[in-house]
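1. Quick check, what structure comes out for this input:
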Amino acid sequence: MRRGGRRGVAVRLALLAVPLAFFALFFAYPVAAITGRGLRADGAWQLSRALDVLTAPGIGDVLWFTLWQAAASTALTLALGLPGAYVFARLDFPGKRLLHAVVTVPFVLPTVVTGAAFLALLGRGGLLDERWGIRLDDGVWAILLAHAFFNYAVVVRTVGGLWAQLDPRQEEAARVLGAGRFAAWRRVTLPALAPSVAAAGLLVFLFTFTSFGVIQILGGPRYATLEVEIYRRTAQLLDLPTAAVLTLLQLALVAALLGAHALITRRAESALALTDPAGNAARPRGGAQWALLGGTLAVIALLLLLPLAVLVERSLSVDGGYGLAHYRALAGTESGTFVVAPWEAIGTSLRYAAVATAIALAVGGLAAAALTRRAARFTRGFDALLMLPLGTSAVTVGFGFLIALDEPPLDLRSSWILVPLAQALVGVPFVVRVLLPVLRAVDERLREAAAVLGASPLRAWREVDLPLVRRALLVAAGFAFAVSLGEFGATVFIARADAPTLPVAVARLLGRAGELNYGQAMALSTVLMLVCALTLLALESLRPAAWRGGRGGRGEWVV
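-> Modelled structure (predicted):
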């Protein structure tokens, strides 16, 4: 038994070697390099700068706005998303599966595209401004609605995935014992859902706390989150000390959020007995359920579909009519924004995203295989570490790449591989989160039987695990591809002028005046949206049963 235990530890460490090296070289090292350069002067640490930065005029306002808008965005997203979670969990209606995929599309869209869509809907010259003179881009409402648009799927998938697996007979038993419908829900279902709601809320808070693209486009000069301020201090003012302190502050707050999320989700896993969700959904009955379904469809239409439709409409709008002029202009350089035709950004993005997906699958697959063996605290800590790139300043990572990876043996500053490496950092957490529930659902006795028959760990994985997780690998690859395609915060620093990615091209076009630039930005955003939508629709048909909420899972996917 001791030999078996030592062998298990050795296998786990071997599996973790590549992910640990990847995160050490391409995450920890660049972040440490940029923050170290900002906090060191004349070879000595200047820690007193931290207090000076935190007490500097304006920094308190940035921190307050960051926290306030994240809290308000989270509350709005939960208010809009929880009814949708119930509808997808408990009601059965035509087109449900297709609509489920559509709901997820905004989550994998680049934040730049989200900002562009809401700018076209709510901004100066937008649809509402032209039709009714209504503008919301001069306040925070456009930001809050854009964040709800982006994170609606987090609530629906995380809470709805668990809600679909809760045994409805428990609530029915409470009603038989005399409790009303609302009292039964409040006393039975709500306590069971509370950890999942808290986990979804923490994730939404995390994503909105580190918001960059949406704030950059919709916030203007009046509103700035920590992420936007880090970008301004780094790229525009070259104030590395302030950027370093703000990065460390953001990292500490994100680490606290991830610790709380890990604690909540662990409790949820251990406290609930889940059932097969297949038989828990039924056709709507009664006026209340039909009204809830209608309200949810209205929210999806207005919050999710309308901004995307306006994006397409603006890409086709030319001289009072409609046409493909903006799409044809993508093949030339008349706007003067790029040294290459904007259309080339599509091919560049697809190539970069394909390489990033391969890297994310290799690193994330090994990490998920190691985390499947739940034993040591070390592996649980590494599980949380995998999430840090989603909450760390992407601006810091991108600028850190330029500073840290410019000397042998890692002289990559002029190499194209920098962009896929930065994109893979964002893709790895999604690969792990898709594969982990499926791997944990594999019966351990199958692996043990293979070992008894003399199979090595590698052969046991190839013969037992791989056939069962093949579809999950395709799903993980799709998610990694979509999020890599949309990465913006780090890529904006390291993408070369002659090889911009789609999000970088959209941001540059939006940053220049002129109808042609705006139209091309809308056209590129539409192309990016369609690629992401097609990827998600393909993924919906590939979802393995264990990913939907099998043994060991809590929901359809939880980042």
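2. Would you mind splitting this protein into its domains for me?
-> Domain assignment for the chain by automatic domain parsing gives 1-46+323-559, 59-314.
3. Now find how far off-centre the last one is within its chain.
-> In this case it means domain 59-314. On the basis of Cα atoms, centre = their mean, to the nearest Å, domain 59-314 sits 11 Å off its chain's mean C-alpha point.
4. Do me a favour and average the pLDDT over that domain.
-> Regarding domain 59-314, the rounded mean pLDDT is 81.
5. re earlier: switch the domains of the chain over to TSV; also include mean neighbour count and distance to Asp52.
-> (Each C-beta comes from the backbone N, C-alpha and C, glycine too.) Formatted as TSV, the domains of the chain follow (neighbours: other Cβ atoms under 10 Å; distance: least, Cβ to Cβ, whole Å):
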stretch	mean neighbour count	distance to Asp52
domain 1-46+323-559	19	9
domain 59-314	19	8
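6. Make TSV from these and add distance to Val53 to it.
-> Formatted as TSV, the domains of the chain follow (distance: least, Cβ to Cβ, whole Å):
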stretch	distance to Val53
domain 1-46+323-559	10
domain 59-314	4
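7. wait, what's in contact with Pro57?
-> Applying Cβ atoms under 8 Å, 6 or more residues apart in numbering to Pro57 gives no contacts.
8. where do the strands sit along the chain?
-> Counting by DSSP state E, the chain has strands at residues 40-41, 44-45, 317-318, 321-322, 406-407, 410-411.
9. Going by mean pLDDT, which of those comes out lowest?
-> The minimum mean pLDDT among the strands of the chain belongs to strand 44-45 (a mean of 66).
10. hang on, Leu303 packs against Asn151?
-> No - the criterion here is Cβ atoms under 8 Å, and Leu303 misses it with Asn151 at 10.9 Å.
11. how far away is Leu405 from Asp498?
-> Separation of Leu405 from Asp498 (Cβ to Cβ, to the nearest Å) stands at 20 Å.
12. Would you check how far apart the residue nearest to Phe488 when sequence neighbours are not counted and Val483 are?
-> Among residues not flanking Phe488 along the chain, Pro503 sits closest, at 4.0 Å (Cβ to Cβ, 6 or more residues apart in numbering). Using Cβ to Cβ, we find Pro503 at a distance of 11 Å from Val483.
13. Repeat that for Leu67.
-> In terms of Cβ to Cβ, Leu67 sits 25 Å off from Val483.
14. can you check Phe118 too?
-> Using Cβ to Cβ, Phe118 is found at 20 Å from Val483.
15. got it, and Leu91?
-> 29 Å.
16. Same question for Ala368.
-> For Ala368 relative to Val483 (Cβ to Cβ), the value is 16 Å.
17. Same question for Ala394.
-> Counting by Cβ to Cβ, the gap from Ala394 to Val483 is 12 Å.
18. Also Leu388?
-> Taking Cβ to Cβ, one finds Leu388 at 15 Å from Val483.
19. got the contact list for Thr234?
-> Going by Cβ under 8 Å, 6+ apart, the list of residues near Thr234 reads Leu240, Ala243, Val395, Thr396, Phe399.
20. out of these, who's nearest Ser525?
-> The closest of these to Ser525 turns out to be Val395 (Cβ to Cβ; 21.3 Å).
21. which residues sit in contact with the residue lying closest to the closest one once chain neighbours are set aside?
-> What sits nearest to Val395 in space, not counting adjacent residues and going by Cβ to Cβ, 6+ apart, is Tyr231, at 4.5 Å. Counting by Cβ under 8 Å, 6+ apart, Tyr231 makes contact with Phe212, Gln216, Val395, Gly489.
22. I'd like to know which of those residues is nearest to Ile34.
-> Using Cβ to Cβ, the contacts of Tyr231 come closest to Ile34 at Val395, 9.5 Å.
23. Please look at the closest one and Phe488 and confirm they touch.
-> No - in terms of Cβ under 8 Å, Val395 does not count as a neighbour of Phe488; the distance is 9.9 Å.
24. shared neighbours of those two, which are they?
-> Shared contacts of Val395 and Phe488, counting by Cβ under 8 Å, 6+ apart, come down to Phe212.
25. Contacts only, for Pro500.
-> Contacts of Pro500 (Cβ under 8 Å, 6+ apart): Phe338, Val340, Ala345, Thr348, Arg508.
26. and with 6 Å instead?
-> Shown in contact with Pro500 (Cβ atoms under 6 Å, 6 or more residues apart in numbering): Ala345.
27. ditto for Val228
-> Ile215, Gln216.
28. when you give positions from now on, start the count at 27
-> Sure, I'll start counting at 27 from here, so that last one is Val254.
29. how close does Thr398 sit to Val501?
-> Counting by Cβ to Cβ, the gap from Thr398 to Val501 is 17 Å.
30. ugh, wrong one, I meant Ala220
-> With distances taken as Cβ to Cβ, Ala220 is found 28 Å from Val501.
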